[in-house]
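**Q** Here you go, sequence then predicted model.
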Amino acid sequence: MVAVALAFPAAAQQGLKVPSGQYLLPYEFLWEDHRGADEKVETWLILRFLAPDIGKTQGKLKFDDVVDDLNRICTDVGLPVARLAGGGVDQVIVNLMDKPIDRGQRDPSVTQYMNAYRIVGGRCTWE
């Protein structure tokens with residue numbers, strides 16, 4: 001979260017307003033190394049945000065309602081954080097969740113929306 005606080009102090013304290021109108025709270029930013037089928041190792045930047053408006057109980061936003069949010073997060077948060085970390089990020093994963101859950105865990109009571117992006121020519125390209 002240090003990178004978020006340095007790059008986006010308002011987002012870290014008040015939430016990040018996105019095109020759907022909701023405010024997202026930064027939850028966790030992770031770097032993971034993954035080996036592809038060709039044995040090449042890639043670095044993924046995982047951006048996880050709390051988005052209560054997508055939840056099953058109080059949620060009013062479906063996946064189609066937040067696609068622009070996911071794209072904006074990759075561009076406005078993912079690219080700058082990748083630069084702060086010195087680049088070397090092959091893929092950005094944006095994850096919205098209505099309540100905290102450990103990465104990789106499943107819980108049918110938690111709503112999660114995700115998109116994966118490649119950084120191509122300094123831009124986020126949907127996978």
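**A** Received it, and whenever you're ready, just let me know what you need. Numbering: from 1, shown residues only.
**Q** Just the pLDDT at Met1, thanks.
**A** With respect to pLDDT, Met1 scores 38.
**Q** er, Lys40 actually
**A** 88.
**Q** Could you do Lys60 as well?
**A** Note for Lys60: predicted pLDDT of 83.
**Q** Is it located within a helix, as I assumed?
**A** No: per DSSP: H, G, I helix; E, B strand; the rest coil, Lys60 lies outside any helix segment and is coil.
**Q** Tell me the secondary structure of the closest residue in space to it that isn't next to it in sequence, please.
**A** Leaving aside its chain neighbours, Lys60 sits nearest to Asp53 (5.9 Å; criterion: CB to CB, 6 or more residues apart in numbering). (Each C-beta comes from the backbone N, C-alpha and C, glycine too.) Here Asp53 is helix, with the state taken from three-state DSSP.
**Q** Tell me how far Asp53 lies from Arg123.
**A** According to CB to CB, to the nearest Å, Asp53 stands 27 Å off from Arg123.
**Q** One more: Asp68?
**A** In terms of CB to CB, Asp68 sits 15 Å off from Arg123.
**Q** other SSEs contacting the helix or strand Asn115 falls within?
**A** Per DSSP states H and E: Asn115 is located in strand 112-120. Here strand 112-120 touches helix 63-73, strand 91-97, strand 123-126, going by 3 or more CB pairs under 8 Å, 6 or more residues apart in numbering; DSSP states H and E.
**Q** This completes my enquiry, with thanks.
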